[in-house]
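Student: sharing a sequence plus its predicted fold:
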Amino acid sequence: MKKCFGSEMDFLTLFSIYVVAVLTCIALVCRYSGQQTPLGRLYDTFTQVVSPWIPQCIQNICHKTVHRLFHQRNNFFIYLHLMLEAAVYAEYSYEVFGFCLEMDTTLVNVCVPYVLLGLKTCIFYLCCSRDPGTLTKKNHAAQLKVYQYDEKLFQEGAVCPTCQLVKPARSKHCRVCNRCVQRFDHHCIWVNNCIGAQNTRYFLLYLLSVCAMAGDIAVLTADMLFHVVLRSGLMHAHYIDEQGQQQPSGLLFVIQHLFLTFPRIVFMLGFLIFVFFLLAGYSMFHCYLALVNQTSNEWFKRKGLRCQHCHPVSGHLCATSYNPIRGFYHRGILKNLGEIFWPLSPTQKKDN
């Protein structure tokens with residue numbers, strides 16, 4: 001098969017813009033998620049370099065917008081999440097679903113994403129709506145008895161200057177929600193809620209369900225495109241380049257052909273791959289935290305923890321049960337997971 005293909009530059013330009021846009025969004029979210037990441041630091045460096053060239057009025061507008069989106073409670077990212085999800089499922093239902101059936105994919109397999117969507121929607125609602133474990137004057141005294149103070153990350157007698165309450169061990173004041181939360185993990189902009197003792201299980205299941213959705217649709221879409229390539233014989237085709245020479249088609253040619261033939265499907269697949277690997281890494285991190293009974297707040301605090309008594313010069317080792325890898329609250333994998341899915345109450349005080 002011969003084909004004149006002169007739109008390589010258009011393809012590379014569009015794809016480059018797509019990649020840059022996705023990475024910029026990821027870097028922006030990482031920068032203002034409350035956690036230090038390499039992408040967040042890269043974004044900080046970039047803004048420092050370009051800020052002298054940007055008018056002050058535009059900088060003020062950008063700062064106000066960022067503050068409104070990331071430092072105040074709002075539903076913007078919930079709506080964005082739902083819009084992206086609707087766009088993916090609309091494209092999957094409109095084009096990919098039918099193509100998969102034509103490629104002899106079983107009806108059960110192509111319906112799995114809808115089952116995962118229903119499951120994820122229920123978990124997402126619980127994650128957004130459930131109280132994460134807000135500390136109040138009514139439950140404060142009881143929550144002080146749930147966890148022991150490790151006297152390193154959490155000091156006994158420390159008072160929250162905003163809530164005017166003595167901080168229970170593992171709690172933290174969320175500046176976005178303006179409340180202290182039991183076993184505080186982080187504030188998640190995608191669910192517009194804090195992640196704490198009472199909804200960590202829903203957040204973990206939410207991450208895993210979104211990964212499963214993205215991965216399943218990506219696999220079905222990639223399988224469909226793969227069969228399109230096989231049936232069309234593209235791998236054995238030839239094309240005429242800009243110099244009028246006949247060239248055998250390669251991987252880049254096949255990708256370009258698919259991009260021009262199924263542009264929406266290819267963009268959707270690229271987006272799903274980005275989402276899957278991003279959330280897969282984040283899910284693995286939170287699964288690790290669940291297994292060792294740590295929160296992300298404790299993990300980031302621990303990175304800067306240095307015990308003076310354990311300094312090699314002193315020759316003295318601490319007798320504390322604090323473990324810099326597993327943390328002070330590690331009780332064994334099964335008990336750690338049990339604490340995630342059945343949060344401790346004051347009558348189930350944790351023993352160390």
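Tutor: That came through fine.

Student: now stretch 193-212, how far from the centre of its chain.
Tutor: Centre-to-centre, stretch 193-212 and its host chain are 10 Å apart (CA atoms, centre = their mean, to the nearest Å).

Student: specify the local secondary structure of the residue in the chain sticking out farthest from the centre.
Tutor: Within the chain, the residue lying farthest from the chain centre (CA atoms, centre = their mean) is G244, at 47.5 Å. Under DSSP: H, G, I helix; E, B strand; the rest coil, G244 falls in the coil class.

Student: and it, what pLDDT?
Tutor: Per-residue pLDDT puts G244 at 71.

Student: give the contact list for it.
Tutor: With contact set as CB atoms under 8 Å, 6 or more residues apart in numbering, G244 has no partners. C-beta: built from backbone N, CA, C; applies to glycine.

Student: nearest residue to Y92 other than its sequence neighbours?
Tutor: I217 (5.7 Å; CB to CB, 6 or more residues apart in numbering).

Student: so how far is V115 from that neighbour?
Tutor: As judged by CB to CB, to the nearest Å, I217 and V115 stand 12 Å apart.

Student: same deal with V210?
Tutor: 14 Å.

Student: these two - which one has more neighbours?
Tutor: Per other CB atoms under 10 Å, whichever of V210 and V115 has more neighbours is V210, with 23 against 13.

Student: my guess is that one contacts V275. True?
Tutor: Yes: the criterion here is CB atoms under 8 Å, and V210 meets it with V275 at 7.5 Å.

Student: just checking, A280 touches C211?
Tutor: Yes: because the distance of 5.4 Å satisfies CB under 8 Å, A280 is recorded as touching C211.

Student: so for these two, which residue has more residues nearby?
Tutor: Higher neighbour count among A280 and C211: C211, with 22 against 16, using other CB under 10 Å.

Student: torsion angles phi and psi at that one?
Tutor: phi -60, psi -40 (degrees, to the nearest 10).

Student: so who does the closest residue to it other than its chain neighbours touch?
Tutor: Spatial nearest neighbour of C211, chain neighbours left out: L279 (4.9 Å); criterion: CB to CB, 6+ apart. Listed by CB under 8 Å, 6+ apart, the contact set of L279 reads 207, 210-211, 214.

Student: gap between Q48 and I58?
Tutor: For Q48, the distance to I58 - CB to CB - is 16 Å.

Student: how near is the residue nearest to C211 to M213?
Tutor: 10 Å.

Student: check contacts around K335.
Tutor: N293.

Student: in what helix or strand does it lie?
Tutor: helix 333-341 (DSSP states H and E).

Student: show me what counts as buried in that helix.
Tutor: 336-337, 339-340 (16 or more other CB atoms under 10 Å).

Student: N297: neighbour count?
Tutor: Counted with other CB under 10 Å, N297 comes out at 22.

Student: check which helix or strand it maps to.
Tutor: Using DSSP H and E, N297 falls in helix 296-303.

Student: try V219
Tutor: V219 belongs to helix 200-232, assigned by DSSP H and E.

Student: rewinding a little: can I get the contacts of L279 in TSV with pLDDT?
Tutor: Shown next, in TSV, are the contacts of L279 (pLDDT from 0 to 100):
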residue	pLDDT
L207	96
V210	96
C211	96
A214	96
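
Student: out of these, which is nearest to F328?
Tutor: L207 (24.8 Å; CB to CB).

Student: with adjacent residues omitted, what lies nearest to that closest one?
Tutor: In space, L207 is closest to S283, 4.3 Å off (CB to CB, 6+ apart).

Student: L208 is in contact with that neighbour, correct?
Tutor: Yes: taking CB under 8 Å as the definition, S283 is a contact partner of L208 at 5.8 Å.

Student: so H187, which state does it fall into?
Tutor: strand.

Student: run a quick neighbour tally on it.
Tutor: With other CB under 10 Å as criterion, H187 counts 23.

Student: do the same with Q155
Tutor: Q155 has 11 nearby residues by other CB under 10 Å.

Student: does it touch Y149 like I think?
Tutor: Yes: counting by CB under 8 Å, Q155 does reach Y149; the two are 6.5 Å apart.
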